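Peer 1: Sharing a model that was predicted from the sequence below.
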Amino acid sequence: MYRQIVVLTGAGISAESGLRTFRDQDGLWEEHKIEDVATPEGYARDPEMVERFYNERWQQLHNGKIEPNAAHKALARLEQEFDGQLLVVTQNIDDLHERAGSRRLLHMHGELTKGRCPRSHQTFLLTDHFGVNHTCTCCIPAQRLRPHVVWFGEMPIGLDRIQHALDTCDLFIAIGTSGTVYPAAGFVDTANHHGAQTVEVNLVPADRHSQFQYHLQGKASEIVPQLVEQILAGEVIGEKPLSGAANV
Ligand code: BJW
């Protein structure tokens with residue numbers, strides 16, 4: 001039924017793997033001020049503090065307890081078995097989609113496992129967490145690497161590719177994102193404009209939920225595998241109810 005699918009994922013897809021979201025109760029923004037840890041100005045003021053914030057998250061990602069969940073795995077299966085085009089655009093900086101097996105994947109807000117040279121913008125894989133000793137090998141003198149993440153006021157990564165995929169998709173699914181951060185929050189408008197079916201998967205109706213044609217309220221780990229099953233069976237989403245999902 002579908003030929004081109006774009007999936008947008010947010011922190012909610014990794015919540016059941018044990019990673020905190022940003023804006024839920026007990027989310028990261030309850031403990032950290034956005035302007036301190038998620039802006040270029042905050043980093044310029046106190047790079048060590050920002051590095052600590054990302055180091056803690058880097059360490060958690062590598063503590064051996066964090067694994068992709070059924071939703072990540074289902075999207076990887078979709079990539080392998082779907083007969084059309086699929087692009088997963090994630091706002092997440094964790095690597096759980098990759099660990100689940102996804103390859104047609106774009107990290108629009110960067111990657112926790114990489115550092116970036118502030119001068120050349122070249123990225124470097126971090127085999128250890130951040131510190132002053134992390135410098136680039138592309139410049140003389142070597143530059144201190146900054147986290148390879150997109151902060152407020154910075155341009156997200158891969159927007160041309162995302163725009164093209166949204167212009168041509170016939171199904172757009174947003175999973176576990178609050179719809180508060182742009183430009184990602186506006187992707188549903190582009191998909192609607194081009195006549196795609198738009199589907200939201202979330203525990204609660206998110207900020208822009210009225211823009212979606214179809215809502216599945218419940219846990220990503222329960223809903224996404226069923227959605228993938230339907231797509232692979234050539235069914236239209238919305239025609240059959242899913243278990244564990246309230247259609248709102
Ligand atoms: C579950 C679940 C389960 C839980 N199952 N669901 C005024 C108006 C409009 C825009 C602006 C404005 N002023 C400034 C702007 C622009 C600004 C912006 O959007 N600000 C808003 C806050 C107003 N945006 C930017 O600055 C961006 N850049 C930009 O706009 O460049 C200029 C440009 C111009 C023209 C075109 C294009 C660009 C950059 C944004 C950078 C965001 N960076 C962060 C940090 C990244 C690094 C890090 O991880 O630390 O990205 S902020 C943070 O929010 C992170 C996330 O990727 C992002 C989105 O959060 P997400 O994923 O939605 O998480 P939550 O916590 O909000 O939601 C989780 C959801 O999951 C909830 O809904 C739960 O219910 C659900 N959930 N468990 C299913 N089991």
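Peer 2: Yep, it's here.

Peer 1: Would you mark the buried spots in the helix ranked longest in the chain?
Peer 2: The helix that spans the most residues within the chain, counting by DSSP state H, is helix 47-61. Judged by neighbour count (16 or more other C-beta atoms under 10 Å), helix 47-61 contains these buried residues: Val50, Glu51, Phe53, Tyr54, Asn55, Arg57, Trp58, Leu61. From N, CA and C alone the C-beta is placed, and that goes for glycine too.

Peer 1: again, but for stretch 108-116
Peer 2: So, applying 16+ other C-beta under 10 Å, buried residues of stretch 108-116: Met108, His109, Gly110, Glu111, Leu112, Thr113, Lys114, Gly115, Arg116.

Peer 1: just checking, which of the residues you listed belong to strands?
Peer 2: Residues of these located in strands (DSSP state E): Gly110, Glu111, Leu112, Thr113, Lys114, Gly115, Arg116.

Peer 1: residues in contact with the second one?
Peer 2: Taking C-beta atoms under 8 Å, 6 or more residues apart in numbering as the definition of contact, the neighbours of Glu111 are Ile93, Asp95, Thr123, His148, Val149.

Peer 1: Tally up the residues packed near the last one, please.
Peer 2: By the measure other C-beta atoms under 10 Å, the count of residues near Val149 is 22.

Peer 1: quick revisit: return the closest of the ones in strands among the buried residues of stretch 108-116 with respect to Glu154.
Peer 2: Glu154 has its nearest neighbour among these in Gly110, at 9.1 Å by C-beta to C-beta.

Peer 1: and the residue of the chain found nearest the ligand, how many neighbours?
Peer 2: At 2.3 Å from the ligand, Gly12 is the closest residue in the chain, using C-beta to the nearest ligand atom. By other C-beta under 10 Å, 26 other residues sit near Gly12.

Peer 1: Provide the secondary structure category for it.
Peer 2: helix (DSSP: H, G, I helix; E, B strand; the rest coil).

Peer 1: For this protein, what lies in contact range of the ligand?
Peer 2: Contact residues, the chain versus the ligand (C-beta under 6 Å from any ligand atom): 10-12, 15-16, 21-24, 27, 38, 91, 93, 109, 149-156, 159, 176-178, 180-183, 201-204, 206, 219-220.

Peer 1: from the residues you listed, which would you call buried?
Peer 2: Buried among those by 16+ other C-beta under 10 Å: 10-12, 15-16, 21-24, 38, 91, 93, 109, 149-151, 156, 176-178, 181, 201-202, 206, 219-220.

Peer 1: sorry, back to before: do I have it right that the residue of the chain closest to the ligand meets Gln217?
Peer 2: No - the pair Gly12 / Gln217 is not scored as a contact, 11.7 Å apart, by C-beta atoms under 8 Å.

Peer 1: This completes my enquiry, with thanks.
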